[in-house]
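Undergrad: turn this into a structure:
(one chain, ligands or ions: 1)
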Amino acid sequence: MADLIPTPAQARVPVRGGGTFPVRRIYCVGRNFADHAREMGAAVPASKAERGQPVFFLKPADAVVTGDADVAYPPGTRDLHHEVELVVALGRDAPAGELAPDEAMDLVFAYGVGLDLTRRDLQGAAKAKGLPWDTGKGFDQSAPVSELVPAAQVDGLEGRSLSLQVNGSLRQQGSLHDLIWDVADILHELSKLFALKAGDLVFMGTPAGVGPLLPGDAFSARLEGVAELRGRITPA
Ligand code: MN
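TA: Numbers count the residues shown, from 1 in each chain. All right, here's what the predicted structure looks like:
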C-alpha cells in the first residue's frame, strides 16, 4: 500500500566518529536532582529507600534539534526555561518488564548533553490544575541535543558535571553523583512501563538553576569531558 501523504522525516542525531542515531522516542525524567526538586517546590526524598517512583514524561521524536542548535522562541509562552540534562541513547531493545537492573547498562549506545526546554508558564498552569504537561514540555524544537558519543568512548559517567552557560554566565551546574535515580535505575524503572527500543533517547533530569531564555541568548551546555551543545534562541 502506498503512503497517501508525504512520509514524515525521520529525526536523527549525529554520532561522533560518523553516522547517525535515528530517534524513536524521547523519554524524560522529572525531579531527578534533589536541589531542582526543592527549587520547584516538590517534596525531596530523605533517602534512596524513600524515593518512591520516578516522574516520567515524553517528548515527540521530532522535537530534537541538532548541529548548531538554533531554536526559534516558541509560541504560546512568555517563560521559556532551560534545563540542562544528561542524554542517554539506547542501541538495543528490551521487552517491557524484562530488564534486570544489572543488565540495564547493556542497552546504552551513547551519551550526550541536551536541553529539556520548557514552557514553564504552561507547565505551571497544568500542574496547578492536575492536567498533563504536554504543552509545557512536548513542543516543537523542545529537545536540542549534542552529537552523541558512543559509550565505549566514555570512561564512565561517575562524578562528571553537567553545566550550562547562557551568554557566557554560568546558570546551572550539577554532578551526576547527585542523581536520585542513576542511568541503570531509570532504565529499569522505564522497562516496567514500556518496551524499550534501539532509537530511544532518555533525558535524565536537571540540576538546580533553571531559568528563562530570551530571544538572542546564546547557550553552551556541557557534559564534562564528553560532549558540548551550543546554540542560540532566535526571535519567533
Ligand atoms: Mn527536565
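Undergrad: okay, now the residue nearest to Gly205 when sequence neighbours are not counted: neighbour count?
TA: Leaving out its chain neighbours, the residue that sits closest to Gly205 by C-beta to C-beta, 6 or more residues apart in numbering is Asn32, at 2.7 Å. Where C-beta positions appear, they are placed from N, C-alpha and C, glycine not excepted. Applying other C-beta atoms under 10 Å, we find 26 residues neighbouring Asn32.
Undergrad: same question for Pro95.
TA: For Pro95, using other C-beta under 10 Å, the count is 10.
Undergrad: residues touching the spatially closest residue to it that is not a sequence neighbour, list them.
TA: If the residues on either side of it in the chain are set aside, Pro95 comes closest to Ala195, at 5.6 Å by C-beta to C-beta, 6+ apart. Contacts for Ala195 (C-beta atoms under 8 Å, 6 or more residues apart in numbering) come out as Asp93, Ala94, Pro95, Ala96.
Undergrad: filter those to the buried ones?
TA: Ala94 (16 or more other C-beta atoms under 10 Å).
Undergrad: name the nearest of the contacts of Ala195 relative to Met204.
TA: Ala94 (17.4 Å; C-beta to C-beta).
Undergrad: that closest one - nearest residue in space that isn't next to it in sequence?
TA: Leu196 (4.5 Å).
Undergrad: quick one on the thing from earlier: how much space separates the residue nearest to Pro95 from Ala2?
TA: 29 Å (C-beta to C-beta, to the nearest Å).
Undergrad: quick one: contacts for Leu92?
TA: Careful, residue 92 is Arg and not Leu. Asp106, Leu107, Phe109, Ala198.
Undergrad: the helices in this protein, which residues?
TA: Using DSSP state H, the helices of the chain run over 34-39, 120-129, 134-137, 183-191.
Undergrad: to Gly114, which of those helices lies closest?
TA: It is, among the helices of the chain and with distance given as C-beta to C-beta, helix 134-137, at 13.0 Å.
Undergrad: chain center to that closest one: distance?
TA: Relative to the chain's own centre, helix 134-137 is displaced by 14 Å; criterion: C-alpha atoms, centre = their mean, to the nearest Å.
Undergrad: residue in the protein nearest to the ion?
TA: Asp116 (3.5 Å; C-beta to the ion).
Undergrad: circling back to that earlier point, can you select the buried ones from the contacts of Arg92 in PyMOL?
TA: Selecting only the buried entries of these in PyMOL, with 16+ other C-beta under 10 Å as the criterion:
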select buried, resi 107+109
